[in-house]
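In: Okay, here's the prediction I keep looking at, along with the sequence it came from:
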2 protein chains.
Amino acid sequence: MKKRTVPSRLYLTQNEMPTQWLNVRAVMKNKPEPMLNPATQKPMTHAELSSVFCDEAIRQELDNTTQWIDIPEEVVRYYHMFRPSPLCRAYELEAALDTPAKIYYKFEGNNTSGSHKLNSAAPQAFYAKKQGLKGVTTETGAGQWGTALSMACAHFNLDLNVFMVKVSAQQKPYRKAVMETYGASVTPSPSDTTSVGRSILKDHPNTGGSLGCAISEAIEVATKANGAYRYTLGSVLNHVLLHQSIVGVEAKIAMDKLGEYPDIVVGCAGGGSNLGGIMSPYIEDKINGKKIQLLGVEPANCPTLTQGKMTYDFGDTGKTTPMIKMYTLGSDFIPPADHAGGLRYHGMSPIISKLYEDKIMDAIAVDEKSIFASARLFAKCETILPAPESAHAIHAAILEAEKCKATGEAKTILFCLSGTGYFDLAAYMKK
Amino acid sequence: MKKRTVPSRLYLTQNEMPTQWLNVRAVMKNKPEPMLNPATQKPMTHAELSSVFCDEAIRQELDNTTQWIDIPEEVVRYYHMFRPSPLCRAYELEAALDTPAKIYYKFEGNNTSGSHKLNSAAPQAFYAKKQGLKGVTTETGAGQWGTALSMACAHFNLDLNVFMVKVSAQQKPYRKAVMETYGASVTPSPSDTTSVGRSILKDHPNTGGSLGCAISEAIEVATKANGAYRYTLGSVLNHVLLHQSIVGVEAKIAMDKLGEYPDIVVGCAGGGSNLGGIMSPYIEDKINGKKIQLLGVEPANCPTLTQGKMTYDFGDTGKTTPMIKMYTLGSDFIPPADHAGGLRYHGMSPIISKLYEDKIMDAIAVDEKSIFASARLFAKCETILPAPESAHAIHAAILEAEKCKATGEAKTILFCLSGTGYFDLAAYMKK
């Protein structure tokens, strides 16, 4: 058997884990544009945001200059229950592809939420508790973010009201059940518990709901709770990408330990949180001229970066949020009905958008059939059943490895395996 | 915050992992009784077993004397994709219980099969391939074993035909889908692909099937394939417990590293595979008079050890297997219809049975309501959603920790968290 030079799974010790998040805005020469108040067209202030978000989340959201931000000890302890996550060498996939490339992936699905979302759910819940709040609200579609937040809120002893798109709640009763097991209250949306929900139900009594409507209900409940609740979001925003930097910083520590530096870093792109996370420690090098490729992979069915427009747009379908400068397909964009692979968001993290506009990173769009074929190959080789979202990154890594086979070049590829597909088997059965 | 002396999750490096399985029969003064041929009432010979099982599995099944057995390099490499599994210190659960006890658990659910079953699936698939077989067959009820075996067969390039109890296949389409994703062929049982299946369907055209029937179909296909297939089983048998010793041996290496020795070792008891695994390295100490308690935990709805009889019985409901000397509730035993917590097997591993008969280990039976309450508490504290089976061990560990709170004694508790409950949310919703 061929000798193996590095472990197929490398776990750092808890002492080797990063103790700070990396704020990539501090190293970007051109900062992402500020959110605008749609009424005044002026940048949103801390005060304007404070009825919606936690104070600390807002501070982090608006901070473009502090490069390293301490992870609170309470959050470090929570992270220690599922981190460090392993850096994996895909020996079996490399063998199946017969490629000279070295393929590494950071596996973020080793926790009950099944994805990287828990990295941001933990600090968001902690900051809410520290501020003395009674609880938080959020929306969820597929349920990964809602599950992660319900786990974190159980730990920090915080109420959680999840508005779950009604049709998702009906189709995925187990996702609802897992959130309820952790103590969350899950309300199918639209509901009669909010005025916006009642108004929608009046006009559309049989609607299955939408993410836009669920966001509006979650924000209404948060802002009308006499200051005892705030709203939380699991992607897109700057403070979420800040928290997700743990993925990349941890990966870089492990890669450094192995004496490896990637030629290409790959992540799937929906709202941008896991992509922003895995790329984070390599962005400064790239800006300073180092030869490294940073690659976002999106579905051809929702090609935000590759086909969208860089402009100010609303963050939600209901047009209730501040205006965000980002690549967008338009806030009324809906992917084709047969789209099963996740990553359905019309917009993109302002940080990712700016990096893409400035050509610091690249993006490609890939089709659904290919990503499920790559997901199956990956599962058979590497044992892990990937989330369809993560399969976009897998597919791009495979394309790169196949190029290496053709050219004979032994590139080092690093991608983020952001989550597992245990709750996505309906999509696997369809495709 | 209270200082923490050990990491909350300890991963050994791959180099620190055991390279041998521990055969506990070698240290048992009284060996488990041999399987008997029901026709002759004489011990089953290698030759008699060889049309059903792989040669190497039979050698291991019949070997009562070799204490340490090398893990083949190919299996070590497969293990490296999901092992070492973490040894966890349940700091958050300890705090919630306000107990002086130190609670450790070995978490075996960090893989796509969601349980320890993969530890035996890998060597069973490897040995089948090494013997030059085309494939293997098996049965599955809830689906954990079938999933693990489908993963291992994908890796070792082996055909797999899983007979899945028809009603389970209908109720759990996603379990079927995950096995198919790994390339297994899943046949709802009873089927018209076997003579035993056709005969059952003729008499009971509307039956939802049973494990006993699925076993009979799997054995028929294995034995009628001109020697190209063999049958595999995921629990009960001696060679399965041998493979599961990796759980305990690895746990002991990690405990030793922390300078810890358990006062009590706990595992849930169905067929006995994870219990046998976690206890394995402590059995010799116990036999030699060391003060340590070994505890099996079974459901009050299926109280094999605590209410069963130590006698020769069939391994399956269909009475097609050799006779096994074990604690049994009778091969026609079926748990109450509202039983949701797994561990439904009427019998018990002959090794576990002998250890219990000889009072080297203890057993308790616990009720369903309590185990789901403990599962919920555990999930909220420790982030991991446990399998209902594993929740039996959790519940017993909590009972011990509560005793410690009452007495002030700071016992060290070690239990096996054998799996996750992602596919068991219907049971959580019911209870």
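Out: Great, that's in hand. Numbers count the residues shown, from 1 in each chain, chains lettered A, B, ... in the order given.

In: need the helices for the stretch 251-400 of chain A, in chain order.
Out: A:273-287, A:304-307, A:350-357, A:368-382, A:388-407 (DSSP state H, counting those that start in this stretch).

In: how long is stretch A:204-218 from one end to the other?
Out: Stretch A:204-218 has an end-to-end distance of 19 Å (criterion: C-alpha to C-alpha, to the nearest Å).

In: Hmm, I typed the wrong one, I wanted stretch A:276-296.
Out: This stretch, stretch A:276-296, spans 9 Å end to end (C-alpha to C-alpha).

In: give the contact list for residue A:330.
Out: By C-beta atoms under 8 Å, 6 or more residues apart in numbering or on different chains, the contact list for residue A:330 reads A:313, A:346. (Each C-beta comes from the backbone N, C-alpha and C, glycine too.)

In: ignore the last one, residue A:211
Out: Residue A:211 makes contacts with A:139, A:141, A:165, A:316, A:317, as judged by C-beta under 8 Å, 6+ apart.

In: now do residue A:12
Out: Shown in contact with residue A:12 (C-beta under 8 Å, 6+ apart): A:84, A:250, A:253, A:254, A:257.

In: Tell me the buried residues within the contacts of residue A:211.
Out: Taking 16 or more other C-beta atoms under 10 Å in any protein chain shown as the criterion, what is buried in those is A:139, A:141, A:165, A:316, A:317.

In: Distance of the first one relative to chain B?
Out: Think residue A:139. Distance, residue A:139 to chain B, using C-beta to the nearest C-beta, to the nearest Å: 21 Å.

In: The nearest residue to that residue once chain neighbours are set aside: neighbour count?
Out: With sequence-adjacent residues excluded and distances taken as C-beta to C-beta, 6 or more residues apart in numbering or on different chains, residue A:139 is closest to residue A:214, at 3.5 Å. Using other C-beta atoms under 10 Å in any protein chain shown, residue A:214 is surrounded by 31 other residues.

In: Can you verify my assumption that residue A:214 contacts residue A:137?
Out: No. If you go by C-beta atoms under 8 Å, residue A:214 and residue A:137 don't touch, sitting 9.9 Å apart.

In: list residues touching both of the two?
Out: Here residue A:214 and residue A:137 share the contacting residues residue A:163, scored by C-beta under 8 Å, 6+ apart.

In: does any part of the helix or strand hosting residue A:168 sit near chain B?
Out: Using DSSP states H and E, residue A:168 sits in helix A:166-171. No. With C-beta under 8 Å from any C-beta of the partner chain as the criterion, chain B is not reached by helix A:166-171; the gap is at least 12.3 Å.

In: What residues sit buried inside the helix or strand following that helix?
Out: Once the chain leaves helix A:166-171, the next helix or strand it forms, by DSSP H and E, is helix A:173-181. Residues of helix A:173-181 classed as buried by neighbour count (16+ other C-beta under 10 Å): A:174, A:175, A:176, A:177, A:178, A:179, A:180, A:181.

In: close to chain B, is the next helix or strand after helix A:173-181?
Out: Moving toward the C-terminus from helix A:173-181, the next helix or strand (DSSP H and E) is strand A:185-189. No. Looking at strand A:185-189 against chain B by C-beta under 8 Å from any C-beta, there are no contacts, and the closest approach is 12.2 Å.

In: Please identify the buried residues of strand A:185-189?
Out: Within strand A:185-189, the residues that count as buried by 16+ other C-beta under 10 Å are A:186, A:187, A:188, A:189.

In: which residues does the last one contact?
Out: If I follow you right, that is residue A:189. By C-beta under 8 Å, 6+ apart, the residues touching residue A:189 are A:139, A:163, A:164, A:165, A:166, A:197, A:209, A:213, A:214, A:217.

In: and with 10 Å instead?
Out: Residues in contact with residue A:189 (C-beta atoms under 10 Å, 6 or more residues apart in numbering or on different chains) are A:139-140, A:162-169, A:196-197, A:200-201, A:207-218.

In: what's the answer for the first one, then?
Out: Under the criterion of C-beta under 10 Å, 6+ apart, the contact list for residue A:186 reads A:140, A:143, A:146, A:150, A:160-164, A:169, A:175-180.

In: wait, which of these is closest to residue B:62?
Out: Taking C-beta to C-beta as the measure, residue B:62 lies nearest residue A:178 of the contacts of residue A:186, at 43.8 Å.

In: Residue B:425 is in contact with that closest one, correct?
Out: Yes. At 6.0 Å, residue A:178 and residue B:425 qualify as touching, with contact defined as C-beta atoms under 10 Å.

In: Which neighbours do the two have in common?
Out: Both residue A:178 and residue B:425 are contacted by A:172, A:423, B:385, under the criterion C-beta under 10 Å, 6+ apart.

In: Surely the residue nearest to residue A:139 touches residue A:145?
Out: No. Between residue A:214 and residue A:145 there is no contact under C-beta under 10 Å: 11.3 Å.

In: tell me, what's touching these two both at once?
Out: Common neighbours of residue A:214 and residue A:145 are listed as A:138, A:139, A:162 (criterion: C-beta under 10 Å, 6+ apart).

In: Okay, and which of those map to strands?
Out: Judged by DSSP state E, those include A:138, A:139, A:162 as members of strands.

In: Let me see the contact set for the second one.
Out: Okay, so that is residue A:139. Applying C-beta under 10 Å, 6+ apart to residue A:139 gives the contacts A:145-146, A:161-165, A:187, A:189, A:209-219, A:231-234, A:316.

In: shouldn't residue A:154 be in contact with residue B:376?
Out: Yes. Assessed by C-beta under 10 Å, residue A:154 is found in contact with residue B:376 at 9.5 Å.

In: Could you pull out the residues contacting both of the two?
Out: Taking C-beta under 10 Å, 6+ apart as the contact rule, residue A:154 and residue B:376 both touch A:181, A:182, A:183.

In: which ones among these come in contact with chain B?
Out: A:181, A:182, A:183 (C-beta under 10 Å from any C-beta of the partner chain).

In: In JSON lines: the residues you listed, plus pLDDT.
Out: Formatted as JSON lines, those follow (pLDDT from 0 to 100):
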{"residue": "A:181", "pLDDT": "94"}
{"residue": "A:182", "pLDDT": "96"}
{"residue": "A:183", "pLDDT": "96"}
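
In: how many other residues sit next to the residue in the stretch 251-400 of chain A that chain B sits nearest to?
Out: With C-beta to the nearest C-beta, the shortest gap between the stretch 251-400 of chain A and chain B falls at residue A:380, namely 4.1 Å. Neighbourhood size, residue A:380 [other C-beta under 10 Å]: 21.
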